[in-house]
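A.B. asks: structure here, sequence nowhere to be found:
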């Protein structure tokens, strides 16, 4: 289990399609301090460098959310990914 499994589990239980968590709240969820890189917008960008494994990104995507650092530099907006519910033929 990595630090971000707890974030994944939290996101999976969350019913809202969009919400914001402060860095402090995320640290409480994961039970650890976020790295300094967490204050960079690119660190939270779920579409950034898909070929490089980033545990925070993998946790968000596994829970069905994308993440984006807010302009305040102290929080992250999580938005539920749209799923295609159409079934073939």
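C.D. replies: Ah, there it is. Every value quoted in this text rests on a predicted model; they were computed, and no experiment measured them.

A.B. asks: going by neighbour count, list what's buried in stretch 37-46.
C.D. replies: 38, 43, 44, 46 (16 or more other C-beta atoms under 10 Å). Backbone N, C-alpha and C define where each C-beta goes, glycine included.

A.B. asks: now the helices for the chain?
C.D. replies: 5-13, 23-30, 41-44, 55-62 (DSSP state H).

A.B. asks: most packed of these?
C.D. replies: helix 55-62 (a mean of 19; mean count of other C-beta atoms under 10 Å).

A.B. asks: flag the helix or strand of this structure with the lowest per-element mean pLDDT.
C.D. replies: The least trusted helix or strand in the chain, going by mean pLDDT, DSSP states H and E, turns out to be helix 41-44, with a mean of 81.

A.B. asks: closest to residue 17 among the buried residues of stretch 37-46?
C.D. replies: Within the buried residues of stretch 37-46, distances to residue 17 taken as C-beta to C-beta reach their minimum at residue 46, with 15.5 Å.

A.B. asks: now the buried residues of stretch 37-46 as TSV including distance to residue 11?
C.D. replies: Shown next, in TSV, are the buried residues of stretch 37-46 (distance: C-beta to C-beta, whole Å):
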residue	distance to residue 11
38	16
43	17
44	13
46	12
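
A.B. asks: hey, least reliable of the helices of the chain by pLDDT?
C.D. replies: Ranked by mean pLDDT, those bottom out at helix 41-44, which scores a mean of 81.

A.B. asks: mind listing what the residue nearest in space to the middle of the chain touches?
C.D. replies: For the chain, the residue nearest the mean C-alpha position is residue 60 (3.6 Å; C-alpha atoms, centre = their mean). Applying C-beta atoms under 8 Å, 6 or more residues apart in numbering, we find residue 60 in contact with 7, 8, 11, 46, 66, 67, 78.

A.B. asks: now do stretch 70-77: everything it contacts.
C.D. replies: 18, 19, 20, 21, 22, 23, 26, 39, 44, 67, 68, 69.

A.B. asks: of those residues, just say which sits nearest to residue 52.
C.D. replies: Of the contacts of stretch 70-77, the one sitting nearest to residue 52 (C-beta to C-beta) turns out to be residue 44, at 14.1 Å.
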